[in-house]
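In: just to be clear, the model below is a prediction. Sequence and coordinates:
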Amino acid sequence: MKGLKRGLRAQSVALPTENRDEFDQIHASLQKSLPAPKPVEQALVDHAVIAQWKLVRAEVFEGECYAAQPDPIV
């Protein structure tokens, strides 16, 4: 598992085609909302930001799929 490069458990959240600075800004803004978070709170912030980032990625991908094939067979 240590060498995993992509997927839900990848070592890097942002893909090479994505803006890592944007991810860091989102993380920093959420981090600022907690004064001196405890380790468990820090972990929850990290997981929340990662989940949001991947959700947006999935939504973009879904939009691209529908643009490529507007009437998918269900």
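Out: Good, I have the coordinates.

In: centre of the chain to stretch 36-53, how far?
Out: Computed by Cα atoms, centre = their mean, to the nearest Å, the chain-centroid distance of stretch 36-53 equals 12 Å.

In: buried stuff in that stretch?
Out: Going by neighbour count (16 or more other Cβ atoms under 10 Å), the buried part of stretch 36-53 is 45, 49-50, 53. Every C-beta, even on glycine, is put in place using the N, C-alpha and C of the backbone.

In: quick one: contacts for the residue nearest in space to the middle of the chain?
Out: Most central in the chain under Cα atoms, centre = their mean is W53, positioned 2.3 Å from the mean C-alpha point. W53 is in contact with 13-14, 23, 26, counting by Cβ atoms under 8 Å, 6 or more residues apart in numbering.

In: swap the cut-off to 6 Å and go again
Out: Applying Cβ atoms under 6 Å, 6 or more residues apart in numbering, one finds that W53 lies in contact with 13, 23.

In: helix or strand: which one has it?
Out: With secondary structure defined by DSSP states H and E, W53 is part of helix 39-68.

In: P16 now?
Out: For P16, there is no host helix or strand (DSSP H and E).

In: count of residues packed around P16?
Out: Each residue near P16 was counted by other Cβ atoms under 10 Å, and the total is 7.

In: so what pLDDT did it get?
Out: Among the per-residue scores, P16 holds a pLDDT of 84.

In: likewise for P70?
Out: At P70, pLDDT is 74.

In: how many residues are close by it?
Out: Per other Cβ under 10 Å, the neighbour tally for P70 reads 7.

In: what are the phi and psi values for it?
Out: The main-chain torsion angles of P70 are listed as degrees, to the nearest 10 and equal phi -60, psi -30.

In: tell me how far it lies from A28.
Out: With distances taken as Cβ to Cβ, to the nearest Å, P70 is found 38 Å from A28.

In: from Q69, how far off is the residue nearest to the centre of the chain?
Out: From W53 across to Q69, the span is 26 Å (Cβ to Cβ).
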